[in-house]
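**Q** Below: sequence and its predicted model.
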Amino acid sequence: KQEVTQIPAALSVPEGENLVLNCSFTDSAIYNLQWFRQDPGKGLTSLLLIQSSQREQTSGRLNASLDKSSGRSTLYIAASQPGDSATYLCIFQGGSEKLVFGKGTKLTVNP
Amino acid sequence: GAVVSQHPSWVICKSGTSVKIECRSLDFQATTMFWYRQFPKQSLMLMATSNEGSKATYEQGVEKDKFLINHASLTLSTLTVTSAHPEDSSFYICSAPGGGGETQYFGPGTRLLVL
């Protein structure tokens, strides 16, 4: 059974710090991996999508990498800002296109 | 843990017909539910926010008259794809917040194929 683990569950950093969020998965038969942010009371906002044939994707201050051999994806946030405070969710999509959700990392960026 | 169900899990229909998808929170109440869709090789994208007892809020680019949302009770939201066309073929998934709103519980999704 595919499992998606996000570590840490919560993270608090001072503004301006670079940080890394981790997502690990147990099944190497990956179709894609998606990173989202979730704000309280709101739906998910798509951040980055990495197809299984890709190794990383970048959007602004965000960079996501995918290492299929080790079953890991990381989301790198550069120069964090208070507005980055949210829960970050990674979602694994396998060959059957079934989605498996991580439990998220709650990020707090302190001014 | 909290469970969200969706029905049906698979639907194939002819172009021009309407399709209703149900999203239920089985053991908790949800005043808000979210509807997403995913096209092949794309990210899951938020379509709309379903609000119990009031109108849904749609994301930019989502036609509210085509995707009718009804959230008539605290445990049920429905998405009706009206006059479906092949380009509406997609994976539709709903979620409901629980745990004080900090955790999203996702349904298993509905695969829609419009011929």
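**A** Yes, it's here.
**Q** in stretch A:53-69, what counts as buried?
**A** A:57, A:62-66, A:68 (16 or more other C-beta atoms under 10 Å in any protein chain shown). Heads up, the C-betas are built off the backbone N, CA and C, glycines and all.
**Q** and that stretch, does that touch chain B?
**A** No. Applying C-beta under 8 Å from any C-beta of the partner chain, one finds stretch A:53-69 separated from chain B by no less than 10.4 Å.
**Q** As a markdown table, the buried residues of stretch A:53-69 with secondary structure and distance to A:I91 would be great.
**A** Below are the buried residues of stretch A:53-69 laid out as a markdown table (DSSP: H, G, I helix; E, B strand; the rest coil; distance: C-beta to C-beta, whole Å):
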| residue | secondary structure | distance to A:I91 |
| --- | --- | --- |
| A:Q57 | strand | 14 |
| A:L62 | strand | 16 |
| A:N63 | strand | 18 |
| A:A64 | strand | 12 |
| A:S65 | strand | 16 |
| A:L66 | strand | 13 |
| A:K68 | coil | 16 |
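**Q** just these now: which is nearest chain B?
**A** A:Q57 (10.6 Å; C-beta to the nearest C-beta).
**Q** what does chain A have sitting close to chain B?
**A** Close to chain B, as judged by C-beta under 8 Å from any C-beta, chain A has residues A:32, A:34, A:36, A:38, A:40-46, A:49, A:51, A:87, A:89, A:91, A:97, A:99, A:101, A:103-104, A:106.
**Q** what do you get if the cut-off is 7 Å, keeping everything else the same?
**A** Residues of chain A lying near chain B by C-beta under 7 Å from any C-beta of the partner chain: A:34, A:38, A:40-41, A:43-44, A:46, A:49, A:51, A:87, A:91, A:97, A:99, A:101.
**Q** Of those, keep whichever come out buried.
**A** Neighbour counting with 16+ other C-beta under 10 Å marks A:34, A:38, A:43-44, A:46, A:49, A:87, A:91, A:99, A:101 as buried within those.
**Q** thought B:F34 was touching B:I93?
**A** No. Assessed by C-beta atoms under 7 Å, B:F34 is found out of contact with B:I93, at 8.9 Å.
**Q** follow-up on the earlier one: including pLDDT and secondary structure, could the residues of chain A next to chain B go into a markdown table?
**A** Converted to a markdown table, those look like this (pLDDT from 0 to 100; DSSP: H, G, I helix; E, B strand; the rest coil):
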| residue | pLDDT | secondary structure |
| --- | --- | --- |
| A:Q34 | 95 | strand |
| A:Q38 | 92 | strand |
| A:P40 | 83 | coil |
| A:G41 | 81 | coil |
| A:G43 | 88 | coil |
| A:L44 | 91 | strand |
| A:S46 | 92 | strand |
| A:L49 | 94 | strand |
| A:Q51 | 92 | strand |
| A:T87 | 94 | strand |
| A:I91 | 94 | strand |
| A:E97 | 70 | coil |
| A:L99 | 87 | strand |
| A:F101 | 90 | strand |
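**Q** Any idea which helix or strand in chain A has the lowest mean pLDDT?
**A** strand A:99-101 (a mean of 89; mean pLDDT, DSSP states H and E).
**Q** All the strands of the chain, in order from the start?
**A** I went with chain A, as the question did not name one. With DSSP state E, the ranges of strands along chain A come out as A:4-7, A:10-14, A:19-25, A:30-38, A:44-51, A:56-59, A:62-67, A:72-77, A:86-94, A:99-101, A:105-110.
**Q** was after chain B, sorry
**A** For chain B, the strands defined by DSSP E occupy B:4-7, B:10-13, B:19-25, B:32-38, B:45-51, B:57-58, B:67-73, B:76-81, B:90-98, B:103-106, B:110-114.
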